[in-house]
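> Sequence unavailable; structure follows:
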DNA sequence: CTCGCGTTTGACCAAGTGGTCAAAATGAAG
DNA sequence: CTTCATTTTGACCACTTGGTCAAACGCGAG
């Protein structure tokens, strides 16, 4: 029952509750820093009740990771070889930035996992993620070779999109502390800045 | 004794050992995920022995943070108002990138702390860090106003330097997983890419 | 309304946690 | 080589941790 298959209404409800709670807790404290009690409390369930749905803390984390992975990679999947190059990349960047704004916990969940050495998703990074990135990097490389984009290392270009957009979710405490209380929402400025940045970097 | 003042030779040696060990452990597991036993083992000391030098786990963490903070902010402090604008910014970026290469544990220590909401350094972010960034952002703003750099939001420009450079320390597992075993050192390419990036962004 | 299966819980456990303490070991100054 | 402050340690403590289990509960199909 690592990936629980919800059959009853109650199961669906509680697994959803647990996922929500686990997302909040794991994304805030990292795997080792989180406790089953915390997750149970956040989900309004008793600890044994929670462990009736998932066999262990590990299992909750695994379930979370694999259910969120698709959502996380989707924007890159949608990068379209036949689209207008600069527009495709700007759209990808904006979708990633939107995910930082709308799903910061998911972003921090992955950030925590990777900063701590990705012990539980390392294999996935080397297979699924690498394959997807390699494919799309070659698409971008093609665009550059055809003179539609200024030349630049496409792998590092993708890294830079990740790092620049996820920064606003993962390090938002820092961003908000530096910008101060009179700028409570950094996202409009961030979008403008990043649009300018990638436009200048990629326009020939 | 939150900031231990080493008086004897033995104290100096052991406090150094503990700092080293704590840096490794905290940067890998985050504060809550780390244990005093782990740190003691890594430092080759017994737990009570370690707690003879620092009163608590918190105290070790605080001591580490404050001793590393200066090192961490130094590169930005050196940004010189009277230097050649583009060169100053590229130099700053390169120094930050070097720190990611040479001191990845320090980078991850801060990353862990900030991703998890910076509970222990929040105040410092709002004072010391904000003041320094505000000062330097205004310098950059001046350069742009004088037509020495292409216009862009200077605060977000600084954020982008942080995020792009620290990415190679904080997320290095991911970077290495994506680039594969035939590219074990991403830094030369990263430096070339980031130099190109900031040059294109800031050249008028 | 009742029966059975799915659900919930209180009590419990072994291991790990941060931290204490008195006593033993050790280093260095005279 | 003695003396005393510094350093080190084993034993210990209260609390938290992930996880178990038998027993009780309650929802819905018949």
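Cool, got the structure. None of the values given here were measured: they were computed from a predicted structure.

> What residues of stretch A:31-50 count as buried?
A:31, A:32, A:33, A:34, A:36, A:38, A:39, A:40, A:42, A:43, A:45, A:50 (16 or more other C-beta atoms under 10 Å in any protein chain shown). Placement of C-beta: from N, CA and C, glycine included.

> Can you give the distance of that stretch from its chain's centre?
Centroid displacement of stretch A:31-50 relative to its chain, using C-alpha atoms, centre = their mean, to the nearest Å, is 23 Å.

> Other residues contacting the longest helix anywhere in chain A?
Ranked by number of residues, the top helix in chain A under DSSP state H is helix A:9-33. Counting by C-beta atoms under 8 Å, 6 or more residues apart in numbering or on different chains, the neighbours of helix A:9-33 from elsewhere in the structure are A:4, A:6, A:34-35, A:38-40, A:42-45, A:49-50, A:53-54, A:57, A:60-61, A:63-64, A:67-68, A:104-109, A:112-113, A:116, A:120, B:29-33, B:112, B:116-117.

> Among the residues you listed, which ones lie close to DNA strand D?
On the criterion C-beta under 7 Å from any atom of the strand, A:34, A:35, A:38, A:57 are the entries of the contacts of helix A:9-33 that sit beside DNA strand D.

> out of these, which are inside strands?
Here DSSP state E is the test, and those give no hits in strands at all.

> Quick check: the two most widely separated of the residues you listed?
Pairwise distances among these were taken by C-beta to C-beta; the largest, 10.3 Å, belongs to A:38 and A:57.

> Any regions of chain A where pLDDT drops low?
Segments of chain A classed as low confidence (criterion: pLDDT under 70) are A:1-6.

> got the residues of it near DNA strand C?
Applying the criterion C-beta under 7 Å from any atom of the strand, the portion of chain A that neighbours DNA strand C consists of A:8, A:10, A:11, A:14, A:45, A:46, A:47, A:48, A:49, A:52.

> 6 Å - rerun?
Contact residues (C-beta under 6 Å from any atom of the strand) of chain A with DNA strand C: A:8, A:10, A:11, A:14, A:45, A:46, A:48, A:49, A:52.

> Excluding chain neighbours, give the residue nearest to residue A:204 in space.
Of all residues not flanking residue A:204 in the chain, residue A:150 sits nearest, at 4.8 Å (C-beta to C-beta, 6 or more residues apart in numbering or on different chains).

> Could you check how far the closest residue in space to residue A:46 that isn't next to it in sequence is from chain B?
Nearest in space to residue A:46, with sequence neighbours left out and distances taken as C-beta to C-beta, 6+ apart, is residue A:40 at 6.3 Å. With distances defined as C-beta to the nearest C-beta, to the nearest Å, the gap from residue A:40 to chain B amounts to 17 Å.

> Tell me, how many residues neighbour the closest residue to residue A:42 other than its chain neighbours?
Taking C-beta to C-beta, 6+ apart, and ignoring the residues beside it in sequence, residue A:42 has residue A:21 as its nearest neighbour in space, at 3.7 Å. The criterion is other C-beta atoms under 10 Å in any protein chain shown. On that basis, residue A:21 has 20 neighbouring residues.

> What distance do you get for residue A:21 to DNA strand D?
Counting by C-beta to the nearest atom of the strand, to the nearest Å, the gap from residue A:21 to DNA strand D is 13 Å.

> Over to residue A:156?
37 Å.

> All set, thanks.
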